[in-house]
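Undergrad: need the 3D shape of this:
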Amino acid sequence: MSVLHATYLLSSLALACVGILWHYRLKLESKSKTRKALSRNVVPQKNLDECLLFLDDSIIDIERQVYCVAFKSSLAGLCNVDVINHVAETRDIILLDRQYLPHQPLILPRLMSAMRRDDSSSAELVDIILRDAGLTGKILKMANSSFYRIAREPVRSVEYAVVLLGLDGLKSLVAAAVMEPVLKFSDDQFRDFSNTVWEQALDSAFAAQNYAQKTDPGVCFSANLMALISSVAQVVLFRFTHSVYEKFYQCEPNAETIVEVLETQSDYVVRQIMKSWELGEELMDSLDDYFRQRPLDQCNTLSKALYYGCLVGRLSVLLKRNRMTVLEARRILSNKGLSREMVHCILRPSLRGIDQEDTLRSRLQVPKR
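TA: Here you go, the predicted structure:
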């Protein structure tokens, strides 16, 4: 066999392998899109002009960009279908192993009881906090962070935090402090994941609470808490998928695979966390519109608050990394049915540190509704 003939055969074989891999990738992407469409209950194409879709191409693109940031990856590789199926088939193990799903924070039931009552006072909430020295320390530390601090002088007491932040501000601070141990962790391979999720969780919770405050103040704390739990679900799934890789596949986790798991399993895990932490059937029923991913004009207030909160959380990740302008973020929210005033209200906390000239220009250009 001549050298030229051998080279020709090797080239043909290489092209054939590339063709097979490309076909496999297209087939996998097709299956993934089909599964997402079914699981998310996407409205058929004919209804696009009749309602505000829960999920559309712009939202899918935003989610993808945030995952690219969190994993420092272009996410252009192939998913490990075996791992994805393994996670889907064994996901109930999460509920049985506290390595993945932590116990309900001990102070959470008392806090929820006090926060949900209309007659609860700041004094009652402060008293509950001061009984837990660890929580008190976390709250004061977070109150002095750049995210919460609004005064030059440091916050040295929980009582002063109430004066500066108000009762609703203190509630959001408490909820974040309770969830911080679950949301913040270290990972040697994907080092930016935890920080991205934590940052997104805080912005999501603020935005969800602000939306609820303007539309139905009675669900403010529930909106804030559920935005945080949505991020907890992502951390739980991240850890579980990691363990599946380590125990059954003995190889490095693949970012594309973890993202596929997060996209398809997060809502299920959110529901399981709610059950495990005994947050109540009433709250679960109130979020039925969200879990069914109904068009936004058919969703109740709490479902809308959670939806807009999570969207703002994703937008803030992109804004702070100059992957999106303030104007673009405002237009996305406006296109989802929000008034100019509401867009400003729920996006404002995320604009800290963003170029103020860009912010001012965007305020002037968002169309009125």
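Undergrad: now the residue lying closest to residue 74 once chain neighbours are set aside: how far from residue 283?
TA: Distances taken as C-beta to C-beta, 6 or more residues apart in numbering put residue 68 closest to residue 74, at 6.3 Å, once the chain neighbours are dropped. All C-beta atoms are positioned from the backbone trio N, CA, C, and that covers glycine. Computed with C-beta to C-beta, to the nearest Å, the distance linking residue 68 and residue 283 is 32 Å.
Undergrad: same deal with residue 142?
TA: According to C-beta to C-beta, residue 142 and residue 283 sit 25 Å apart.
Undergrad: more crowded one of the two?
TA: Between residue 142 and residue 283, counted using other C-beta atoms under 10 Å, the more crowded position is residue 142 (19 against 16).
Undergrad: go ahead and confirm the residue nearest to residue 74 touches residue 75.
TA: Yes - between residue 68 and residue 75 there is a contact under C-beta atoms under 8 Å: 5.8 Å.
Undergrad: isn't residue 165 up against residue 148?
TA: Yes - at 7.0 Å, residue 165 counts as touching residue 148 under the criterion of C-beta under 8 Å.
Undergrad: joint contacts of those two?
TA: Common contacts of residue 165 and residue 148, defined by C-beta atoms under 8 Å, 6 or more residues apart in numbering, comprise residue 173.
Undergrad: low-confidence ranges, the stretch 51-200 of the chain, go.
TA: For the stretch 51-200 of the chain, applying pLDDT under 70 flags the ranges 51, 102-106, 115-120.
Undergrad: can you map out the helices along it?
TA: For the stretch 51-200 of the chain, the helices defined by DSSP state H, counting those that start in this stretch occupy 57-71, 81-90, 108-116, 122-130, 133-143, 158-183, 193-215.
Undergrad: show me what the first one is packed against.
TA: Under the contact criterion of 3 or more C-beta pairs under 8 Å, 6 or more residues apart in numbering; DSSP states H and E, the helices and strands touching helix 57-71 comprise helix 193-215, helix 255-276, helix 301-319, helix 326-335.
Undergrad: got it, and the fifth one?
TA: With contacts taken as 3+ C-beta pairs under 8 Å, 6+ apart, helix 133-143 sits against helix 122-130, helix 158-183.
Undergrad: what's the burial count for residue 190?
TA: 17.
Undergrad: again but with residue 270, I slipped
TA: Residue 270, neighbours per other C-beta under 10 Å, totals 23.
Undergrad: also residue 69?
TA: Number of residues near residue 69 (other C-beta under 10 Å) recorded here: 19.
Undergrad: over to residue 132?
TA: For residue 132, the tally of surrounding residues (other C-beta under 10 Å) stands at 18.
Undergrad: nearest residue to it in space, please, no chain neighbours.
TA: Nearest to residue 132 is residue 107, by C-beta to C-beta, 6+ apart, at 5.6 Å.
Undergrad: how about the contacts made by that neighbour?
TA: The neighbours of residue 107, taking C-beta under 8 Å, 6+ apart as the test, are 128, 132, 135, 178.
Undergrad: distance of residue 300 relative to residue 289?
TA: For residue 300, the distance to residue 289 - C-beta to C-beta - is 5 Å.
Undergrad: likewise for residue 79?
TA: Relative to residue 289, and taking C-beta to C-beta, residue 79 is found at 30 Å.
Undergrad: run a quick check on residue 264 versus residue 79, I expect a contact.
TA: No - the criterion here is C-beta under 8 Å, and residue 264 misses it with residue 79 at 10.7 Å.
Undergrad: residue 300 and residue 289 - which one has more neighbours?
TA: Shown here are residue 300 and residue 289; by other C-beta under 10 Å, residue 289 has more neighbours (21 against 16).
Undergrad: list the buried ones in the host helix or strand of the more buried one?
TA: Applying DSSP states H and E as the criterion places residue 289 in helix 288-292. Within helix 288-292, the residues that count as buried by 16 or more other C-beta atoms under 10 Å are 289-290.
Undergrad: contacting residues around it?
TA: So helix 288-292 is in contact with 41, 267, 270-271, 298-300, 302-303, 306-307, going by C-beta under 8 Å, 6+ apart.
Undergrad: how many neighbours does residue 130 have?
TA: 14.
Undergrad: and the one 5 residues further on, by the same measure?
TA: Neighbour count of residue 135, defined by other C-beta under 10 Å: 20.
Undergrad: tell me the contacts of it?
TA: Residue 135 neighbours (C-beta under 8 Å, 6+ apart): 107, 129, 174, 177-178.
Undergrad: identify the residue nearest residue 154 in space, chain neighbours excluded?
TA: Closest to residue 154 by C-beta to C-beta, 6+ apart is residue 144, at 5.4 Å.
Undergrad: the one you found and residue 249, how far apart?
TA: Look at residue 144 and residue 249: by C-beta to C-beta, they are 44 Å apart.
Undergrad: next: residue 139.
TA: 41 Å.
Undergrad: comparing those two, which residue is more hemmed in?
TA: Neighbour totals were compared for residue 139 and residue 249, and residue 139 leads with 24 against 15 (other C-beta under 10 Å).
Undergrad: now the more buried one. Nearest residue, chain neighbours left out?
TA: residue 177 (4.9 Å).
Undergrad: neighbours of that neighbour, how many?
TA: By the measure other C-beta under 10 Å, the count of residues near residue 177 is 23.
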